[in-house]
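*Asks:* here's my sequence, what's the structure:
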Amino acid sequence: QADLAESGGGLVQPGGSLRLSCEASGFPFSSFGMSWVRQAPGRELEWIAGINWNGDNPYYVDSVKGRFAISRDNTKNTLWLQLNNLKTDDTAMYFCAKGGMARWRKYNHWGQGTQVTVSS
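*Replies:* Next up, the predicted model:
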């Protein structure tokens, strides 16, 4: 059964950093682009970062560009999101999703999420 398991969230002060991880199983991870999406309270899912199958050409929504970094290791079936200079507006549940920016909604496959709370 295909599965995505996120971890690494927590409570952090504004300006702080976190590193989120996503372990994939049950599907050929190295064959798919991957994304991180997030959902803030009362808001819809928002795509924020994507990476293609071989790790080249990461791309981001403008609101996180320069602060977040997506990466992957296909030998470990793992996707990461480094979050730096966090802001209160970054508070959300973060999910890794199968597929890049154009396909993640079509695949409709993401994990249970990990909560990131940015507060002083």
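
*Asks:* going forward, measure contacts between C-alpha atoms and count neighbours the same way
*Replies:* OK.

*Asks:* could you pull out the helices for the protein?
*Replies:* With helices called from DSSP state H, the chain shows them at 104-107.

*Asks:* geometric centre of it: which residue is closest?
*Replies:* By Cα atoms, centre = their mean, the mean C-alpha position of the chain lies nearest to Trp36, the distance being 2.6 Å.

*Asks:* quick one: pLDDT of that residue?
*Replies:* The score at Trp36 is 98. That number is its pLDDT.

*Asks:* gap between the closest residue to it other than its chain neighbours and Ser119?
*Replies:* Excluding the flanking residues, the one nearest Trp36 by Cα to Cα, 6 or more residues apart in numbering is Cys96, at 4.5 Å. Cys96 sits at a distance of 23 Å from Ser119 (criterion: Cα to Cα, to the nearest Å).

*Asks:* of the two, who's got more company?
*Replies:* Per other Cα atoms under 10 Å, whichever of Cys96 and Ser119 has more neighbours is Cys96, with 32 against 16.

*Asks:* tell me the spacing between the more buried one and Gly15.
*Replies:* 23 Å.

*Asks:* so which residues of the chain form strands?
*Replies:* Along the chain, counting by DSSP state E, strands occupy 3-7, 10-12, 18-25, 34-39, 46-51, 59-60, 68-73, 78-83, 92-98, 114-118.

*Asks:* Ser17 and Leu81: what is the separation?
*Replies:* From Ser17 to Leu81 the distance is 11 Å (Cα to Cα).

*Asks:* same question for Gly16.
*Replies:* Distance from Gly16 to Leu81, by Cα to Cα: 14 Å.
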